[in-house]
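Asker: Just to be clear, the model below is a prediction. Sequence and coordinates:
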Amino acid sequence: MEKKNMVLLTVIAIATLLVAVVGATFAYFTANVQNSFGGSGTNNEGNTNVSTGTVKDEDTFVIAEPDANAGSFTATDAYPGHKEVAAIKVSAKNANNTPGQVKLTYTPSANDFADDQVKISLYKGGSGVDVSADNFFNCTKGSAPVDGDPTKIKFYETCTKSETDLTGATLVGTTKYINGTTPIVLATSETVASSAAGTDTYFYVVVEVENKDESQDEAAGGKALTGKISVELV
C-alpha cells in the first residue's frame with residue numbers, strides 16, 4: 001500500500017512540472033557556446049588573403065610577322081580558284097603562363113569584286129608553317145569548254161595544295177565573304193598561350209577567289225582587292 005502511494009505521488013510531481021514549464025513564457029533552454037572560428041581552421045575557412053604579383057619587363061606579347069616572309073595577297077592576273085595565304089605570329093612570354101586574347105580583323109581598303117566572289121578564312125596553329133614561297137597552294141591556270149561547247153571556253157585555276165598543308169592549323173570560326181570594304185572580324189577573342197620561355201602562336205589568313213559554276217567575267221574579271229590584317233590584344 002505504501003509503495004502504491006509513492007508511485008502516485010511521483011506521477012503527480014512530474015505532471016505538475018510539465019505544466020509549469022509549458023505555461024511559462026520565459027522558459028528556454030541554455031547551452032554553452034564556444035566560438036572557435038578564427039579564420040585559420042584546418043581548411044583556412046574565412047581567409048581572404050590576396051597577394052599581388054609584379055609585371056616584369058620580360059612579360060610581353062609581341063605581334064609580328066614570322067621570321068620568314070609572311071606571305072601576302074599580292075597575286076596578279078589571277079583566275080577564279082586562286083588562293084593566297086599570309087601568316088602572323090604572336091609571341092607571349094610570361095613567368096606565370098598567363099594567356100592572352102587577340103582580335104583579328106581584315107579591312108579592305110579597296111575592293112572591285114562583286115559580293116560573294118572572294119572568300120577569307122582564318123586558321124590557327126601552334127607551330128610555324130613556311131608560307132614564304134610564291135604561290136604556296138601551287139595553283140595553276142587551266143581552261144576547258146563550257147558545258148562541252150568548244151566555242152565557249154572557261155578559264156580557272158586549280159591548286160594541288162590545300163589548307164591541310166598548313167600543318168597543325170585548324171579553322172577558326174567560319175569562312176566569310178569579302179563584300180565591299182566592310183571590315184571583317186576573323187576572330188573576336190582568340191587565346192594565345194604563354195610561358196616563361198616564350199610561346200609562339202601562328203595564325204594564317206587564306207584568301208580565295210571562288211571558282212563558281214557560272215560566268216564570272218563581270219563579277220571577278222579585271223578586279224582588284226587591297227587591304228590589311230590587324231591584330232590587337234583584347
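Answerer: Received it, and whenever you're ready, just let me know what you need. Residues are numbered from 1 along each chain as shown.
Asker: mind listing what the spatially closest residue to residue 218 that is not a sequence neighbour touches?
Answerer: Leaving out its chain neighbours, the residue that sits closest to residue 218 by CB to CB, 6 or more residues apart in numbering is residue 114, at 7.3 Å. (Each C-beta comes from the backbone N, C-alpha and C, glycine too.) Counting by CB atoms under 8 Å, 6 or more residues apart in numbering, residue 114 touches 218-220, 223.
Asker: Also residue 154?
Answerer: 143-146, 215.
Asker: separation between it and residue 145?
Answerer: 8 Å (CB to CB, to the nearest Å).
Asker: where's residue 219, which helix or strand?
Answerer: Following DSSP states H and E, one finds residue 219 within helix 217-220.
Asker: Tell me which helix or strand comes right after that helix.
Answerer: strand 225-233.
Asker: partners of that following strand, with directions?
Answerer: strand 100-111 (antiparallel) (DSSP bridges).
Asker: contacts for the strand it pairs with?
Answerer: 61, 63, 88, 90, 92, 118, 120, 122, 178-192, 194, 203, 205, 224-234.
Asker: and with 6 Å instead?
Answerer: 61, 92, 120, 180-181, 183-190, 192, 225-227, 229-234 (CB atoms under 6 Å, 6 or more residues apart in numbering).
Asker: Filter these down to the buried ones.
Answerer: 61, 92, 120, 184, 186-187, 190, 192, 225, 227, 229, 231 (16 or more other CB atoms under 10 Å).
Asker: Output those residues in TSV; the columns should cover pLDDT.
Answerer: Below are the buried ones among the contacts of strand 100-111 laid out as TSV (pLDDT from 0 to 100):
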residue	pLDDT
61	66
92	83
120	92
184	93
186	93
187	93
190	93
192	90
225	86
227	83
229	84
231	84
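Asker: show me where pLDDT drops low in the protein?
Answerer: 1-75, 126 (pLDDT under 70).
Asker: Helices along that one, start to end?
Answerer: Assigned by DSSP state H, the helices in the chain fall at 2-22, 217-220.
Asker: hmm, back to that, just the buried subset of the contacts of residue 114, written out for ChimeraX, thanks.
Answerer: The ChimeraX selection below is limited to those of the contacts of residue 114 classed as buried (16+ other CB under 10 Å):
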select :219,220,223
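Asker: Is it possible to get CSV of the contacts of residue 114 that adds distance to residue 172?
Answerer: As requested, the contacts of residue 114 are exported to CSV (distance: CB to CB, whole Å):
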residue, distance to residue 172
218, 32
219, 27
220, 26
223, 27
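Asker: Just the closest of the contacts of residue 114 to residue 76, please.
Answerer: Within the contacts of residue 114, the smallest distance to residue 76 is 11.6 Å, found for residue 223 (CB to CB).
Asker: residue contacts, residue 157?
Answerer: By CB under 6 Å, 6+ apart, residue 157 lies in contact with 79, 81-82, 139, 141.
Asker: show me where the protein has strands.
Answerer: Ranges of strands within the chain are 60-64, 83-93, 100-111, 118-125, 139-146, 149-159, 170-177, 184-192, 199-209, 225-233, based on DSSP state E.
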